[in-house]
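below: sequence and its predicted model.
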Amino acid sequence: MALSIHLGAHKTASTHLQYSLRQIRDRLQAAGLCYVDPALLREAPMDLSQILAEGAGCAAEPAFSAALQDRRQGCADLLLSEENILGGTHRGRIFSRRGLLYPFAVRRLRQAIGLAGGGPAVLYLAIRDPAGFNVSAFALQVALGNEIELAPYLRGRDPAEVGWLGLVKRLAAMEEVARVVVWRYEDYAALRPELLRRLLPPGLADAVPEPPPSNESLTQPGYEWFLRRAMADTEADLRDLAARARRRFRRADGHGPLRLLEAADHARSAQNYAAQVAALRRLPRVEFLEPQAADQIRA
């Protein structure tokens, strides 16, 4: 059995990839690959986030395993795609107080691998420029009605810092992991064909449709509109207000992206990101995908 797990991370085009693969789920099943994503993993009996929150040995595990086995219908290979295996984007979960990214990722992933039947697993993980990641994760929490301003969400963290290198080291060191395939979110469009070829049975990558962008974030005008109303009415339904802001100020209508940080923050973020990418390329049991290398492989 081959086990592949796409871990996201959050806000790295995971929803786009998941929606794409969902369109050919039946064809994947017929080819011997069971594909399971958030459409199946966020409600009973396969509510994976709840099971991982309760921990290994919880009462819901047997029902999950039985449901997954039934879903597989004899498929030899399994592909799980669920960014919440790493953790959530809530301010108290995405970083520890000491700044550790996804602090419970190893425990949660080990439990998920066990529920899937055991390893070794090949992990797939997209990373993102720290400033963009922090702002986008914050915007997701705004959309969920949990946040209003960026500073409280950061809890004193440097917005130009995200410890991707430390996270990948922790994941790659797990006994249950064969290797970690990593790429930059910024390269997703260029690497998508190669990712599909790696994830799917031979000949099916070209069958995956190209949907429009999914789960787009708040725009800058949308956030400013949201902020004014949230500050003026402390009883406002923040989730509804954010949804209205997203509908009213869409990227498709020419509104600019959310930009809450100074130019100096973005410059420091770019430097930090480049240094981490260089270190990731040298890690054992880590394969770093880049567009030029992918083109050479296809040739």
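Looks like it came in fine. Numbering: from 1, shown residues only.

ok, residue 226 to residue 80 distance?
34 Å (C-beta to C-beta, to the nearest Å). Where you see a C-beta, it was placed from the backbone N, CA and C, and this is true even at glycine.

return the residues in contact with residue 288.
Residue 288 sits next to 182-183, 277, 280-281 when contact means C-beta atoms under 8 Å, 6 or more residues apart in numbering.

next, count neighbours for the residue nearest to it when sequence neighbours are not counted.
Leaving out its chain neighbours, the residue that sits closest to residue 288 by C-beta to C-beta, 6 or more residues apart in numbering is residue 281, at 4.8 Å. Residues near residue 281, counting by other C-beta atoms under 10 Å, number 12.

any figure for the gap between the residue sitting furthest away from the middle of the chain and residue 226?
Distance from the C-alpha centroid of the chain peaks at residue 232, with 33.4 Å (C-alpha atoms, centre = their mean). For residue 232, the distance to residue 226 equals 11 Å [C-beta to C-beta].

and residue 258, by the same measure?
Counting by C-beta to C-beta, the gap from residue 258 to residue 226 is 10 Å.

out of these two, which sits in the busier spot?
The neighbour count for residue 258 versus residue 226, taken as other C-beta under 10 Å, is higher for residue 226 (25 against 22).

quickly note the distance from the residue nearest to residue 13 when sequence neighbours are not counted to residue 33.
Of all residues not flanking residue 13 in the chain, residue 188 sits nearest, at 4.6 Å (C-beta to C-beta, 6+ apart). The gap separating residue 188 from residue 33 is 21 Å, by C-beta to C-beta.

more neighbours: these two, which one.
Counted by other C-beta under 10 Å, residue 188 and residue 33 do not tie: residue 33 has more neighbours, with 22 against 17.

if the residue nearest to residue 280 when sequence neighbours are not counted is in a bridge, with which residues?
Closest residue to residue 280 in three dimensions, ignoring its sequence neighbours and counting by C-beta to C-beta, 6+ apart: residue 288, at 5.4 Å. On the basis of DSSP bridges, residue 288 is bridged to residue 182.

could you look up the SS state of residue 52?
Secondary structure for residue 52, judged by DSSP: H, G, I helix; E, B strand; the rest coil, is helix.

residues making contact with the helix or strand harbouring residue 171?
Assigned by DSSP states H and E, residue 171 falls within helix 164-172. Contact partners of helix 164-172, identified using C-beta under 8 Å, 6+ apart, comprise 7, 86, 100-102, 105-106, 109, 123, 125, 127, 130, 177, 179-180, 182, 276, 279-280, 283-286.

anything in contact with each of residue 258 and residue 226?
With C-beta under 8 Å, 6+ apart, residue 258 and residue 226 have common neighbours residue 218.

how close does residue 265 get to residue 87?
With C-beta to C-beta as the criterion, residue 265 and residue 87 are 24 Å apart.

more neighbours: which of these two?
Neighbours per residue, other C-beta under 10 Å: of residue 265 and residue 87, the larger number sits with residue 87, 24 against 17.

which stretches of the stretch 101-250 of the chain form strands?
Secondary structure of the stretch 101-250 of the chain (DSSP state E, counting those that start in this stretch): strands located at 121-127, 177-184.

would you map the helices across the stretch 1-150 of the chain?
14-22, 25-30, 38-41, 48-54, 61-72, 105-115, 130-143, 150-154 (DSSP state H, counting those that start in this stretch).

deepest-packed of those helices, please.
Ranked by mean neighbour count, those are led by helix 130-143 with a mean of 24 (mean count of other C-beta atoms under 10 Å).

by contact count, what packs against it?
In terms of contacts (3 or more C-beta pairs under 8 Å, 6 or more residues apart in numbering; DSSP states H and E), helix 130-143 is packed against helix 150-154, helix 220-232, helix 238-248, helix 263-280.

what's the average pLDDT for that helix?
Mean pLDDT, computed over helix 130-143, is 98.

report the inter-axis angle for that helix versus helix 263-280.
Helix 130-143 runs at 110 degrees relative to helix 263-280, counting by axes from the mean of the first three to the mean of the last three C-alpha atoms, to 10 degrees.

need the contact list for residue 6.
Residue 6 makes contact with 14, 17-18, 79-82, 123-125, 199, according to C-beta under 8 Å, 6+ apart.

if you could redo that for residue 162, that was the one I meant.
101, 128, 130, 133-134, 272.
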